[in-house]
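# kindly generate the corresponding structure for this input.
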Amino acid sequence: MKTMLDVDEHHWWYRGRRQIIRAELDRLSLPSTARILDAGCGSGRTLEELRDYGEVSGIELDPDAARVARERGVGEVRVGRLEELPWQDGAFDLITCLDVIEHTPDDRATLSELRRVCARGGWLLVTVPAYQGLWSLHDEANHHYRRYSRGTLRAAAVEARWLVTRMTSFNSLLLAPAAAVRLAQRRRSIESYKPEIALGPSWLNSVLERPLRAEARWLARGRTLPAGLSLMALLQNP
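Predicted structure coming up:
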């Protein structure tokens, strides 16, 4: 668990993604008493960020991760599946679902259930891995069902009756080298795979985080990025 906490706190990817998410949330007009859900909250590090925007709750499938998240003491955390959320209709003004729906067998069902617990006019911020063509051992090892294009993410959202208000790529600078690594992995067996999310030296994390910080400043101005390893969509419950 300590390793998981260290990675969540210090790894360049998670630190950079938090900057991206903050840049997007800061542009929203949320009520002062916003009710917020992090769907698939993991160890709960994002809950600490979200409490700046309102009253937070989390749900996580892994009981051990949920226990760690609960011990942070920043909000209610439940154990459960995203397809069967234990809250009433319209319970939340904002939901974040960060690199989670690719882990669910039926993303339409997941997105429909998230919409059920979202208040009318409320928001869902989703991030997912991009480009099915980059499918690799990374996806198999992390139990992904799919990667997304803008079209497939939009189609899933619309079928679940969300209004797509904004969509952008991010993690753009590392797209080319990461694509080369992922494609090379196809010649290897799953037994030889080494996890990409490992905590390296602090100087390297700082260097790799800088492009995401720059992207966050760009996105904060309402702009978008045309390509990247990840997609982010802002959806509204009409």
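# where do the helices sit along this protein?
Counting by DSSP state H, the chain forms helices over residues 2-10, 12-25, 45-50, 63-71, 107-116, 137-141, 150-159, 175-185, 202-220, given from the N-terminal end onward.
# tell me what the shortest one is packed against?
Using 3 or more CB pairs under 8 Å, 6 or more residues apart in numbering; DSSP states H and E as the contact criterion, the neighbours of helix 137-141 among helices and strands are helix 175-185. Where C-beta positions appear, they are placed from N, C-alpha and C, glycine not excepted.
# just the mean pLDDT for the helix it packs on, thanks.
Helix 175-185 shows an average pLDDT of 81 in the prediction.
# same for it, what does it pack against?
Here helix 175-185 is seen to pack against helix 137-141 when contacts are counted using 3+ CB pairs under 8 Å, 6+ apart.
# got the CA positions of the helix it packs on in CSV?
Provided in CSV are the C-alpha atoms of helix 137-141 (Å, rounded to 0.1, in the frame of the first residue of the first chain):
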residue,chain,number,x,y,z
LEU,A,137,0.6,-5.4,-23.1
HIS,A,138,0.0,-2.3,-21.0
ASP,A,139,-3.7,-2.6,-21.7
GLU,A,140,-3.8,-6.3,-21.1
ALA,A,141,-1.9,-6.1,-17.9
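# any buried residues in that helix, and which?
Buried residues in helix 137-141, defined by neighbour count with 16 or more other CB atoms under 10 Å: 137-139.
# so where's the chain uncertain?
In the predicted model, the chain carries pLDDT under 70 at residues 1-6, 187-199.
# about what we covered before: make a markdown table from the buried residues of helix 137-141 and add distance to residue 44 to it.
As requested, the buried residues of helix 137-141 are exported to a markdown table (distance: CB to CB, whole Å):
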| residue | distance to residue 44 |
| --- | --- |
| 137 | 28 |
| 138 | 24 |
| 139 | 25 |
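# what sits opposite the spatially most central residue of the chain in the beta ladder?
Note on the chain: the residue nearest the mean C-alpha position is residue 98, at 1.3 Å, using CA atoms, centre = their mean. In this structure, residue 98 has beta-bridge partners residue 127, where bridges are defined by DSSP bridges.
# that one against residue 18, yeah?
No: proximity of residue 98 to residue 18 does not meet the contact threshold set by CB atoms under 8 Å, at 9.4 Å.
# what residues are shared contacts of the two?
Residues touching both residue 98 and residue 18 by CB atoms under 8 Å, 6 or more residues apart in numbering: residue 46.
# circling back to that earlier point, any chance of the helices of the chain in a markdown table, with distance to residue 166 too?
Below are the helices of the chain laid out as a markdown table (distance: least, CB to CB, whole Å):
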| stretch | distance to residue 166 |
| --- | --- |
| helix 2-10 | 26 |
| helix 12-25 | 8 |
| helix 45-50 | 19 |
| helix 63-71 | 28 |
| helix 107-116 | 16 |
| helix 137-141 | 25 |
| helix 150-159 | 11 |
| helix 175-185 | 20 |
| helix 202-220 | 9 |
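# of all those helices, which lies closest to residue 131?
For those, proximity to residue 131 was assessed by CB to CB; helix 175-185 is nearest, at 7.8 Å.
# quick check: buried residues in that closest one?
Neighbour-count burial for helix 175-185, with 16+ other CB under 10 Å as criterion, is recorded at 175, 178, 182, 185.
# of those residues, which is the nearest to residue 167?
For the buried residues of helix 175-185, with residue 167 as the reference and CB to CB as the criterion, the closest is residue 175, at 16.5 Å.
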